[in-house]
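J.: What follows is a predicted protein model with its sequence.
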Amino acid sequence: MAFSAAAFAEGRPKWTGFYAGANGGYAWGDSDTTSSATCGAVPPLYFMCANQAVVQASGTGNLSPDRFTGGVQAGYNWQNGGLVYGAEIDFGAFNLSGLRVGNSTYSTVAIPFTTTTSIGTDWLATARGRIGWTATPDLLIYATGGLALTTIKVANSFRDAVGGGPAFGADSNSDLKVGWTIGGGAEWMLTRNWTVKAEYLYVDFGRVSASANVTDGLLPPANSLLTTSSDLTAQIMRVGINYRF
């Protein structure tokens, strides 16, 4: 049931003012992961250069985490005729996590090894501008964009089955990332105080790296670095409800 301007005692509904509310939806993440390994002909480097390409390939690939997301938002609108513009902040759960296990064999000898890479994040905050047009007095169509913040954790590990001294290494790194977001949506005024909205956001956070020190554990040990770098982008579809003060 649509509410027309006549449904309000003061006539046409106004979008100007503060609002706060909650949202929920789903996020689809995408992470491109690449690995690089140091190599040499003899110790002190563990990886032989003839094996470098296959080791790097085992830790390179794509992760596609997806999960429910939800949180709270608050903002302010100004209305000038049919034009509505303002700013909004939000904070919520963003539990995206992905794991990739690469099993392979050295190029020089028939010995297997395993490379594990993972990426994860728990929360999302954005600070965005909004600008839109009232398609009807009760329906706002808008575009939005601004900053996006999250903490991304990247981890990697390596293990092989070399007899007498299997090599192992692991590392993890967590960074606060400031990225960007852009999107759009539609908001419908149910009553003078309540609105509902449907919204799409695209977020991009850049890359985080972790470097595992792979060592064979012998004396003297041979060591090589296996560095894994992962980015994170995501698409978010969500619905929300706001109370206008």
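T.: Structure received.

J.: Please enumerate the helices of the protein.
T.: 49-58 (DSSP state H).

J.: which residues of it fall in strands?
T.: Under the criterion DSSP state E, the chain carries strands at the ranges 17-37, 61-63, 66-80, 83-105, 112-136, 139-160, 168-189, 194-215, 223-244.

J.: partners of the last one, with directions?
T.: Looking at strand 223-244 with DSSP bridges, its partner strands are strand 17-37 (antiparallel), strand 194-215 (antiparallel).

J.: Out of the ones you listed, which is closest to S107?
T.: Comparison of the strands paired with strand 223-244 against S107 by C-beta to C-beta identifies strand 17-37 as nearest, at 12.6 Å. For every residue, glycine as well, the C-beta is placed using N, CA and C.

J.: Select, out of the strands paired with strand 223-244, the one closest to I119.
T.: Nearest to I119, of all those, is strand 17-37, at 5.0 Å by C-beta to C-beta.

J.: what mean pLDDT does the closest one have?
T.: The average pLDDT for strand 17-37 rounds to 96.

J.: Same question for stretch 79-98.
T.: Stretch 79-98 comes out with an average pLDDT of 96.

J.: Buried by neighbour count: which residues of that stretch qualify?
T.: The neighbour-count criterion (16 or more other C-beta atoms under 10 Å) identifies Q79, V84, Y85, G86, E88, D90, G92, F94, L96, G98 as the buried residues of stretch 79-98.

J.: If we only consider those residues, which is nearest to A186?
T.: Looking at the buried residues of stretch 79-98 and their distance to A186, the nearest is V84, at 11.9 Å (C-beta to C-beta).

J.: what pairs with the closest residue to G59 other than its chain neighbours across the strands?
T.: Across the structure, with C-beta to C-beta, 6 or more residues apart in numbering as the measure, the residue nearest G59 apart from its sequence neighbours is S35 (3.0 Å). Listed by DSSP bridges, the beta-bridge partners for S35 are T228.

J.: How many residues are close by S35?
T.: Look at S35: counted by other C-beta atoms under 10 Å, it has 25 neighbours.

J.: ditto for the one 3 residues further on
T.: The criterion is other C-beta under 10 Å. On that basis, T38 has 16 neighbouring residues.

J.: Could I get the contacting residues of it?
T.: Contact criterion C-beta atoms under 8 Å, 6 or more residues apart in numbering gives L45, F47, S224, L225 as the residues in contact with T38.
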